[in-house]
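**Q** have a look; sequence and predicted model below, questions after that.
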Amino acid sequence: MSGILRGGAVLAGLALVSAVTACGTTHENAPGAASGAAPAAKQCHGPSGKYKIGMSQANLAEPYRVRMDDDIRKAAAGVPQFSVSYADAAQDNAKQVEQVNTFLTQGIDLLIISPNEATPLTGVVKKAYDQGIPVLVLDRKVDGDGYTSFIGADNVDIGRQAGKFFAEKLLPHGGKVVELKGLAGSTPAKERSDGFNEGITDRNITVVGSADADWLRDKGQQQADALLKAHPDAQAMFSENDPMAEGARIAAQNAGRADLPIVGIDGLPVPEGGIKAVEAGRLSATFIYPTGGKEAVAAAKKLLIDCQTVPKTQTLPTRLVTRENAAQVYAELNRS
């Protein structure tokens, strides 16, 4: 629509806006929507419909991502109208683009995606969105706002809280820290690091070395080994997820630094997860990072079955886990 409508064209324009709103997507928030450039979305068929959902996962090498898919499966099992297909990009941007394109060819009704990296996946996410397919982005962001809803925790805030934990509990008098970062092109890696630096500002704490370990345990061990050799005076380590932190613990033990404080993020409530690692004393702390799986299915239900809208951003809560509350938090999360 051009912005100046007359006669019957006004009614046609109103009908188009009604169709978009009734479907329950949030295309009205997209760039250009004010001038009517946003595409019409697919129709919501309500409880009598059957819906195909494509779940595009960045990789399944991280326990967090396995748990995310499991959470989606569990929640979707309670919605008989849904059938979900899963794809594992194995940390390959081109493969993930191809897998999303395959979903589009198969005629999915909604896309859930946790992008491997932001910029390479932005185009195909926007392509789906522009075709009127609701797109739910989990955990890792894409560039721009060509999607229906982002669901995830505030990674800057988590990093900031981690920095404050170092400043207030681990190194109250200041000190030297080394940092294990995630995959460089993924938004949580940058946001957690930025937040951490905010949290230690003016606290006489210095990050003397950092390395990318791509969220993986084995690479975390390798990079931590190199960091500790290069900076033997480091007094603590910040790891941007728990698997890298567990790898770093092995490296610290091998370096004769078994007492090195290490803090991670994820806090999965499973026997091999970060909460139990804190309870056992391998990690000094972790932060709960919800997968968003059940929230994504709830959003899909609102969009496809209830014909409602969902917020453009759904921020999930986090929580600090220390040895003092680890058992309690683990029990609470497994009751929910």
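**A** Everything's here; your move.
**Q** which residues does stretch 221-236 contact?
**A** By C-beta atoms under 8 Å, 6 or more residues apart in numbering, the residues outside stretch 221-236 that reach it are 166, 170-171, 175-178, 180, 208-213, 237, 239, 244, 247-248, 250-252, 254-255, 257, 260-263, 284. C-beta here means a position set from N, CA and C on the backbone, and glycine is covered the same way.
**Q** tally up the residues packed near Ala327, please.
**A** The number of residues packed near Ala327 is 14, by other C-beta atoms under 10 Å.
**Q** and it, what does it touch?
**A** Glu279.
**Q** tell me the pLDDT at it?
**A** In this prediction, Ala327 carries a pLDDT score of 97.
**Q** can you check Met1 too?
**A** Met1 is given a pLDDT of 36.
**Q** that older thread, just the buried residues of the contacts of stretch 221-236.
**A** Buried members of the contacts of stretch 221-236, scored by 16 or more other C-beta atoms under 10 Å, are 166, 170-171, 175, 177-178, 180, 208-213, 237, 239, 244, 247-248, 250-252, 257, 260-263, 284.
**Q** now do the buried residues in stretch 121-132.
**A** Here stretch 121-132 shows Leu121, Thr122, Val124, Val125, Lys126, Lys127, Ala128, Tyr129, Gly132 as buried, counting by 16+ other C-beta under 10 Å.
**Q** hang on, the fourth one packs against Val142?
**A** Put plainly, it is Val125. Yes: applying C-beta atoms under 8 Å, one finds Val125 in contact with Val142, separated by 5.0 Å.
**Q** buried residues in stretch 226-242, which are they?
**A** Leu227, Leu228, His231, Ala234, Gln235, Ala236, Met237, Phe238, Ser239, Glu240, Asn241, Asp242.
**Q** who touches stretch 164-173?
**A** 177, 196, 199-200, 203-205, 235-236, 238, 261, 263, 284-285, 320.
**Q** filter the residues you listed down to the ones in helices?
**A** Of the contacts of stretch 164-173, the ones assigned to helices by DSSP state H are Phe196, Gly199.
**Q** re the thing from before, restricted to strands, list the buried residues of stretch 226-242.
**A** Ala236, Met237, Phe238, Ser239 (DSSP state E).
**Q** out of the residues you listed, who's nearest Arg217?
**A** Closest approach between these and Arg217, by C-beta to C-beta: Ser239, at 10.2 Å.
**Q** can you pull up the bridge partners for the closest one?
**A** Note on Ser239: beta-bridge partners by DSSP bridges are Leu180.
**Q** that one reaches Ala245, doesn't it?
**A** Yes: here Ser239 reaches Ala245: they are 3.6 Å apart, a contact under C-beta under 8 Å.
**Q** show me whatever sits in contact with both of those two.
**A** With C-beta under 8 Å, 6+ apart, Ser239 and Ala245 have common neighbours Leu180, Gly220, Ile262, Val263, Gly264.
**Q** buried residues of the helix or strand containing Glu98, list them for me.
**A** Assigned by DSSP states H and E, Glu98 falls within helix 93-105. Buried positions in helix 93-105, judged by neighbour count with 16+ other C-beta under 10 Å: Asn93, Lys95, Gln96, Val97, Gln99, Val100, Phe103.
**Q** hang on, the earlier thing: now, the buried ones among the contacts of stretch 221-236 that are in strands?
**A** 175, 177-178, 180, 208-212, 237, 239, 262-263.
**Q** same list (those) but as CSV, adding distance to Asp157 and pLDDT.
**A** Shown next, in CSV, are these (distance: C-beta to C-beta, whole Å; pLDDT from 0 to 100):
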residue, distance to Asp157, pLDDT
Gly175, 23, 98
Val177, 19, 98
Val178, 22, 98
Leu180, 19, 98
Val208, 24, 98
Gly209, 24, 98
Ser210, 20, 98
Ala211, 24, 98
Asp212, 22, 97
Met237, 21, 98
Ser239, 17, 98
Ile262, 21, 98
Val263, 15, 98
